[in-house]
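[1] show me how the following folds:
(chains A and B)
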2 protein chains.
Amino acid sequence: MADYRELWSKLGIDLEKHDKLCAVLPELYGGVYLTQKNRPEGMNYFNLVVAEVHGLRIQELDDYKAQGGKVVGTFCVFVPDEVILAAKAIGVGLCSGSQFWVEDGEKVLPRNLCPLIKALMGAKVGGTCPYFQSCDMLIGETTCDGKKKAWEILNDYVPVHVMELPQMKREKNCKAWEEEIKEFISKMEELTENKVTVESLRQGIKTANAKRRALKRLYNLRKYKPSPISGLDVLLISQIAFYDDPDRFVEKLNELCDELDERVKKGVDEGKKRIMITGTPMALPNWKLHSIIEGLNAQVVVEETCTGTRYFENEVCEEGETIDDLVKNLADRYMKINCACFTPNTGRIDDIIKYVDEYHVDGVIDFNLSFCHTYAVEHKDVEKVLKEKDIPLIQIETDYSTEDSGQIKTRVEAFLEMI
Amino acid sequence: MADYRELWSKLGIDLEKHDKLCAVLPELYGGVYLTQKNRPEGMNYFNLVVAEVHGLRIQELDDYKAQGGKVVGTFCVFVPDEVILAAKAIGVGLCSGSQFWVEDGEKVLPRNLCPLIKALMGAKVGGTCPYFQSCDMLIGETTCDGKKKAWEILNDYVPVHVMELPQMKREKNCKAWEEEIKEFISKMEELTENKVTVESLRQGIKTANAKRRALKRLYNLRKYKPSPISGLDVLLISQIAFYDDPDRFVEKLNELCDELDERVKKGVDEGKKRIMITGTPMALPNWKLHSIIEGLNAQVVVEETCTGTRYFENEVCEEGETIDDLVKNLADRYMKINCACFTPNTGRIDDIIKYVDEYHVDGVIDFNLSFCHTYAVEHKDVEKVLKEKDIPLIQIETDYSTEDSGQIKTRVEAFLEMI
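    Below is the predicted model:
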């Protein structure tokens, strides 16, 4: 890796602390990813992205900022990338998946909070994330209590604009979400000094749709028996989707899918158990559960999560004559995301049932980040419906520490034997 | 106590389990309340209400239902009592404050959830609360993640109507809350088959305002040194306010205040430390923290909580020619409640500062029910501002169990010595 210390220093990174983070990641990645056998050639690009995670892409952001460009951080699949693209800003998904940041997060947040929120806070408070440090503004949302209140604290460190996501999906809620998107457009215009036009917004939609289509293509390939790619590799690709350059990402992902098309033709089913993960997101580098599952005789074939299907399902309609038309298209698409922050959220259970069929799933793991109330409470309903349909299910609640890995492995092993 | 077993049985109460609850309460009440010295005579009414908590009032509800009346359960100070009164239904506040119900709640809810939500769920699931059993409908709200999702489960047991509370306080949010109140009116009209008229709604407002005024009078009396009434007694009165007949409650509370007016004239300050509690609500019979504080050389003189000032501050304007006018008045008043479910919620900190002055407070205890994210995260801001103003503060996070009582006592003792 090139020397980025000067760049990091300019960004206000705590270099000494950051060195510790940089020391951990390659070993973790090597152990989890590079030990996989027979990986597709196309994963080399994504290996490179990880190797350069705090390097090349940060340099790109810095170069863009040097030209007067703006960088905007987001934390949730509800914040419309299309608007960021239309305002010619660069959006980076900042959800944080490492235990490394939790300690700093707990300095300002209660310990009884989900690790994702503590980690994203810690990454900023501790000054150890160059993405965070590159952001001119953060875009929060009111999807859960923890994040909703965390923005108030983060706002002391960097400007935060919060979008109020409705809590139901009635017609008036969709209207309210349109209004929030319009406010977001104004905010982005103000920040970037670029006008969002019908054409730039339509182009933003096309770019985001292309990314969705490429991810959907990848997921469709997993429906084959055997899936031509590991769940671990797909998880990584999804995680990278949140911060990579979208056009390059789509090109590289499509190249990989071309290779996977060939693999499918030669695939020989080894009878691995096919697992769906549903529940809370897995932010980079949270590979814990996938790594446990695929270390056993099983394969993750679909994730009904925000780092899975919820991110790419349903394209935004590209037709429309006015900004209002396109904003309505955006609202329509985003309000179809079946997140547990809505009440009710029966659409999620419909999705799970549908994916069990489409991806030929043998068993479902309801994955819950500790202290995430919405998904934890929703488990009861998921359990009820899957039981009625005789679909095997276990719930795994965990955080970013590795202390419970042995215990989780034992539970997953028992689950695989049962199904 | 009269024999209500037939009534309970009719309501579908689990009699055997309920007996256990009935066996615990008198002892707890006796130990915490009846051992207090020199209580006002006027507390006798409230003693009676507690003694008959599952008796007389339940009989009243049953009598009302026998005449075709409806009973509606609520869980939050945001649900406008005025509408329930205008539709000639009886509203009962069902927030549950006993560890007794937690176990049943944990059968359907995650353990990592606030005890209040687990207890209210357990009270219904276990069939041990005659108030719950008397309800024709529950009115939920989207104030926090835990409750928002719990309604989905409760709805399997009893019809639940959920009001979507906005998460911010912008003008459009107030408008949206007006719409929610209008929907609530329709829902109540449908349930009760009584039309809500301008006059019945105005009367509802007057009744609710009278209750607010009486509680405000009580709280104003606590501003004297010494306060003429214990914090424990005020807490009990606030808790009873949620389910007692409002007219009788106001009458009895005003009688008590007349007596306290006399006490104030004869009061001799014993130099007890004057404590404010801010934070999460304390539902009946959660007297844990007050009991610890007042067992030491201190007195709780104000609660900035939902079972305190948030319940009664700000009257609803009674002027208006149409339902729309009155609904706007309701929305205006309810949107002034400074709950941590809003972002931002700086008004709460302004309130705390104001009350410290008005109630001559020596120290503030930020009380947090375990796993209540919104108040837990907001603590950081409360801490920052109180530190700037040199106002002593500690945070106490606890649930309904008594396991940590000794530890809390030690911490409060140390705090009192410090201030």
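
[2] from here on, contacts and neighbour counts on C-alpha atoms
    OK.

[3] and A:L85, what does it touch?
    A:91, A:200-201, A:204 (CA atoms under 8 Å, 6 or more residues apart in numbering or on different chains).

[4] with those in mind, which one is nearest to chain B?
    Distance to chain B across the contacts of A:L85 (CA to the nearest CA) is lowest for A:G91, with 23.6 Å.

[5] what strand or helix carries that closest one?
    Counting by DSSP states H and E, the element that carries A:G91 is strand A:90-93.

[6] C-terminal to that strand, what's the next element?
    Heading C-terminal from strand A:90-93, the first helix or strand you meet, by DSSP H and E, is helix A:102-105.

[7] do that next one and chain B meet?
    No: Helix A:102-105 does not reach chain B (CA under 8 Å from any CA of the partner chain); its nearest approach is 11.5 Å.

[8] point out the residues in the stretch 51-200 of chain A that sit beside chain B.
    Residues of the stretch 51-200 of chain A lying near chain B by CA under 8 Å from any CA: A:108-110, A:112-113, A:142, A:144-146, A:148-150, A:152-153, A:164, A:166-168.

[9] now for the strand or helix carrying A:Y311, which elements pack on it?
    Here A:Y311 sits within helix A:309-312, counting by DSSP H and E. Helix A:309-312 sits against helix A:198-221, strand A:298-304, with contacts defined as 3 or more CA pairs under 8 Å, 6 or more residues apart in numbering or on different chains; DSSP states H and E.

[10] tell me which of those is the most buried.
    Highest mean neighbour count of the helices and strands packed on helix A:309-312: strand A:298-304, a mean of 26 (counted as mean count of other CA atoms under 10 Å in any protein chain shown).

[11] sheet-wise, list the partners of it with their directions.
    Strand partners for strand A:298-304, identified by DSSP bridges, are recorded as strand A:273-279 (parallel).

[12] tell me the gap between whatever helix or strand comes next after the partner strand and the middle of its chain.
    As assigned by DSSP H and E, the chain's next helix or strand after strand A:273-279 is helix A:288-294. Averaged C-alpha coordinates place helix A:288-294 at 17 Å from its chain's average position (CA atoms, centre = their mean, to the nearest Å).

[13] other SSEs contacting helix A:288-294?
    Applying 3+ CA pairs under 8 Å, 6+ apart, we find helix A:288-294 packed against helix A:231-241, strand A:298-304, helix A:405-418.

[14] of all those, which one is nearest B:Q36?
    With respect to B:Q36, and counting by CA to CA, the nearest of those is helix A:405-418 at 50.5 Å.

[15] for that closest one, C-alpha coordinates in PDB please.
    Extracted as PDB, the C-alpha positions of helix A:405-418 are listed here (Å, rounded to 0.1, in the frame of the first residue of the first chain):
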ATOM      1  CA  SER A 405     -18.200 -16.900  18.100                       C
ATOM      2  CA  GLY A 406     -17.700 -20.400  19.600                       C
ATOM      3  CA  GLN A 407     -21.200 -20.400  21.000                       C
ATOM      4  CA  ILE A 408     -22.700 -19.200  17.700                       C
ATOM      5  CA  LYS A 409     -20.800 -21.900  15.800                       C
ATOM      6  CA  THR A 410     -22.200 -24.600  18.000                       C
ATOM      7  CA  ARG A 411     -25.800 -23.300  17.500                       C
ATOM      8  CA  VAL A 412     -25.400 -23.000  13.800                       C
ATOM      9  CA  GLU A 413     -23.900 -26.500  13.600                       C
ATOM     10  CA  ALA A 414     -26.900 -27.900  15.500                       C
ATOM     11  CA  PHE A 415     -29.200 -26.000  13.200                       C
ATOM     12  CA  LEU A 416     -27.600 -27.400  10.100                       C
ATOM     13  CA  GLU A 417     -27.900 -30.900  11.500                       C
ATOM     14  CA  MET A 418     -31.500 -30.400  12.100                       C
END
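
[16] and for stretch A:161-178, what's in contact with it?
    For stretch A:161-178, contacts defined as CA under 8 Å, 6+ apart pick out A:79, A:137-143, A:151, A:180-181, A:184, A:187, A:327-328, A:330-332, A:335, A:341-344, B:142, B:164, B:166-168.

[17] mind checking which of the residues you listed land in helices?
    Residues of the contacts of stretch A:161-178 located in helices (DSSP state H): A:151, A:180-181, A:184, A:187, A:327-328, A:330-332.

[18] quick check: buried residues in stretch A:95-111?
    A:95-106, A:108-111 (16 or more other CA atoms under 10 Å in any protein chain shown).

[19] restricted to buried residues, select the ones in helices among the contacts of stretch A:161-178 in ChimeraX.
    Buried members of the ones in helices among the contacts of stretch A:161-178 can be picked out in ChimeraX with the line below, counting by 16+ other CA under 10 Å:
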select /A:151,180,181,184,327,328,330,331,332
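
[20] show me which pair in the ones in helices among the contacts of stretch A:161-178 is furthest apart.
    Spanning the widest gap among these are A:W151 and A:K328, at 26.6 Å by CA to CA.

[21] counting by contacts, list what the lowest-mean-pLDDT helix or strand in chain A packs against.
    The helix or strand of chain A with the lowest confidence, counting by mean pLDDT, DSSP states H and E, is helix A:15-29 at a mean of 93. With contacts taken as 3+ CA pairs under 8 Å, 6+ apart, helix A:15-29 sits against helix A:5-10.

[22] again, only using 10 Å
    Contact analysis of helix A:15-29 by 3 or more CA pairs under 10 Å, 6 or more residues apart in numbering or on different chains; DSSP states H and E lists helix A:5-10, helix A:43-51 as its packing neighbours.

[23] tell me the angle that helix makes with helix A:43-51.
    What separates the directions of helix A:15-29 and helix A:43-51 is an angle of 150 degrees, with axes from the mean of the first three to the mean of the last three CA atoms, to 10 degrees.

[24] list the contacts of A:N112.
    For A:N112, the contacting residues are A:106, A:118, A:146, A:370-372, B:112, B:370-373, B:376-377, by CA atoms under 10 Å, 6 or more residues apart in numbering or on different chains.

[25] with that, I have no additional questions.
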